[in-house]
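**Student:** Need a 3D model of the sequence below.
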Amino acid sequence: MKKLVLKDVKEVSLPVTIFKEGKSYVAYSPALDLSTSASTYKKAQSRFLEIVELFLEELEEAGTLDAVLTGLGWQKVNSAWQPPVVVSNYVQSMNLSYA
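**Tutor:** So this is what the prediction gives:
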């Protein structure tokens, strides 16, 4: 796979959550609002990297990279894009009652 090079996008650290849904593993990042799934944890990781590259490549080609990243909460810092910072990640217990 070719190395993706986008102007104004340097190496970034994205928060990615991988969870099990039935027999599949789902990889999701709120920083890009992207997800993918696979039959194994490793495949989900690999597919997530692929989908991020495709997503950013498509945005660059469409000329909408800046608008989409801004809409997702990214900011330009020293002319390079930075994703939103995760402040917390937790599990919330709650009682749900249905009428």
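**Student:** any residues touching stretch 33-41, and which ones?
**Tutor:** Residues lying outside stretch 33-41 but in contact with it, judged by Cβ atoms under 8 Å, 6 or more residues apart in numbering, are 18, 21, 23-29, 44, 46-48, 50-52, 55, 72. Where C-beta positions appear, they are placed from N, C-alpha and C, glycine not excepted.
**Student:** which residues of this structure fall in helices?
**Tutor:** Remark: helices assigned in the chain by DSSP state H are 41-62, 65-71.
**Student:** So which of these is nearest Asn95?
**Tutor:** Judged by Cβ to Cβ, the one of the helices of the chain that comes nearest to Asn95 is helix 41-62, at 31.1 Å.
**Student:** Output the closest one as CSV, nothing but the C-alphas.
**Tutor:** What follows is helix 41-62 as a C-alpha-only set of coordinates in CSV (Å, rounded to 0.1, in the frame of the first residue of the first chain):
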residue,chain,number,x,y,z
TYR,A,41,-8.9,-7.9,16.3
LYS,A,42,-5.8,-7.6,14.1
LYS,A,43,-7.9,-7.5,10.9
ALA,A,44,-10.0,-4.7,12.4
GLN,A,45,-6.9,-2.7,13.2
SER,A,46,-5.5,-3.2,9.7
ARG,A,47,-8.8,-2.3,8.0
PHE,A,48,-9.1,0.8,10.2
LEU,A,49,-5.7,2.1,8.9
GLU,A,50,-6.9,1.4,5.3
ILE,A,51,-10.2,3.2,5.8
VAL,A,52,-8.5,6.2,7.3
GLU,A,53,-6.2,6.5,4.4
LEU,A,54,-9.0,6.1,1.9
PHE,A,55,-11.2,8.7,3.7
LEU,A,56,-8.4,11.3,3.9
GLU,A,57,-7.4,10.7,0.3
GLU,A,58,-11.0,11.2,-0.9
LEU,A,59,-11.4,14.4,1.1
GLU,A,60,-8.1,15.7,-0.4
GLU,A,61,-9.2,14.8,-3.9
ALA,A,62,-12.6,16.4,-3.4
